[in-house]
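S.K.: Give me a 3D structure for the following:
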Amino acid sequence: MPTIRGVRYRLSQVLHKAAERLFVPPGGGSIRDIGQEQLGPDAKRALIVYVLHVIPYYVAGNLEKAPMLNEHSMYWETVEMVRQLNERGYVVDFYDVHCAEPIEWDKYEVAFVQNDRLAECPSSVKIKKVFYCTENYWAFQNLAEMTRLRDFHQRTGIWVRPERQTRISFSDEHADIITSFGTPFQRQFYYTGAERHQLDISVAQQPAHSPKEVAGARYNFVWLGSGGAILKGLDVAVEAFRGLPEATLYIAGNIKREERLWQWLEPLLQQHPNLRYLGWVDVTSASFAKVANNCIGQIYPSASEGGPGSVAQLLHFGLIPIVTETAAVRSASLGFEITAQDSATIITDIQHYVRALMQQSDDELLSRSDACRQFALQHHTRPAYAASFAALLDRLEL
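M.R.: Next up is the predicted model:
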């Protein structure tokens, strides 16, 4: 006869094994009944369909051991969504975005869905539906990436594999509310019949404030990005700085994993000493803080975003943004926004705005840098995200 202690031990082992997985494989992953032990089987229920990766750690009580927690803001945010719903009396079923398991929609009072699955919900089911939007509209983004790849090929003769083709989704057409992290540019292609709710994207860590030595930082800039570097504008940033030998661009991202792009970039790093490759960086590390604090600006000419977390993170270091309108950066007015969408004009505009920044006085640069940091403290922290999500729950009357 198994003892209660034995059952608990075996359950603990199962949860720990689940938590040891770095990634949930495509097609798998859901965790049900989160919070039921405290709230009881008759409690109200909520559905989340989003990225499951760190939820096993949270359920096991080991969130601090999740290896991805500081790699992207969304991992902590998923936990905060669950925590707040539990706090308001809702048991949560959490499906990974790649999970194909059937959903019993009539079980839930509210659903937060990041992929296309809201379209599966029968219209007869009385449920509050939120399309949890984290990117630009799928048709816009997919075309934008392919256009940038074409432009890159025309300049270099190299075709690069698309990395950020996003899945087709019509969840927006079935939602009561559509959330967003970005600007009106991000929201323009989504269904106009749903209400909008602005969320504040968080960051992996708020760095300790370090006074910026503008005299040494004024010629230094950072590009920080993840997979799909051409969509995120690395190539046009590099092209711009090839013509700016007086300025330095630090490239923070694992470009080596995109082999065909790396074949183009690697020789340029040898030819242009003002291009400094950092590779993948831990944005919470002292070594990255040292680099960021010695820079004045950030370059992020992305072709399509939903309010980029990388820009939000760099604002905390007081880095003035030079960004594209298509990147949907809420703080763009603190720096320079490029409205053009063709690569040639973007390259020219980056050069123009970098030179304009470098020509400003120390006092002007320090004032602009401080404004960026203040914006980040107001809108891009974990408490800011928590407050904006709580406001959404209030709006839903949960």
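
S.K.: T192 - how many residues pack around it?
M.R.: 10 (other CB atoms under 10 Å). Every residue, glycine included, has its C-beta placed from N, CA and C.

S.K.: and the gap between it and A119?
M.R.: Separation of T192 from A119 (CB to CB, to the nearest Å) stands at 17 Å.

S.K.: Outline the domain layout of the chain.
M.R.: Using automatic domain parsing, the domains assigned to the chain come out as 4-137+165-202+382-395, 214-379.

S.K.: in the chain, which spans are helices?
M.R.: Counting by DSSP state H, the segments of the chain that form helices are 4-19, 36-39, 55-59, 73-87, 138-156, 184-187, 214-217, 234-242, 259-271, 286-293, 309-315, 343-358, 362-379, 382-395.

S.K.: Mean neighbour count, these: which tops it?
M.R.: Ranked by mean neighbour count, these are led by helix 309-315 with a mean of 27 (mean count of other CB atoms under 10 Å).

S.K.: tell me what that one is packed against?
M.R.: Applying 3 or more CB pairs under 8 Å, 6 or more residues apart in numbering; DSSP states H and E, one finds that helix 309-315 makes contact with helix 73-87, strand 220-224, strand 297-300, strand 320-324, helix 362-379.

S.K.: who's in contact with that helix?
M.R.: Helix 309-315 has contacts (CB atoms under 8 Å, 6 or more residues apart in numbering) with 72-74, 201-204, 222, 224-226, 283, 292, 298, 300, 321, 323, 327, 329, 331, 334, 372-373, 375-376, 379-380.

S.K.: average pLDDT for it?
M.R.: The pLDDT scores in helix 309-315 average 98.

S.K.: what's the spacing between the residue nearest to H174 when sequence neighbours are not counted and R257?
M.R.: Leaving aside its sequence neighbours, H174 sits nearest to L118 (CB to CB, 6 or more residues apart in numbering; 4.3 Å). According to CB to CB, L118 stands 32 Å off from R257.

S.K.: Check what pLDDT the nearest residue to Q36 once chain neighbours are set aside gets.
M.R.: Nearest residue to Q36, sequence neighbours excluded (CB to CB, 6+ apart): V91, at 4.7 Å. Note on V91: pLDDT of 99.

S.K.: Kindly give the local confidence score, pLDDT, for G29.
M.R.: G29 is assigned 89 on the pLDDT scale.

S.K.: residues touching it, list them.
M.R.: Contacts of G29 (CB under 8 Å, 6+ apart): L52, Y95, D96, H98, C99.

S.K.: what do you get for R88?
M.R.: Contacts of R88 (CB under 8 Å, 6+ apart): L393, L398.
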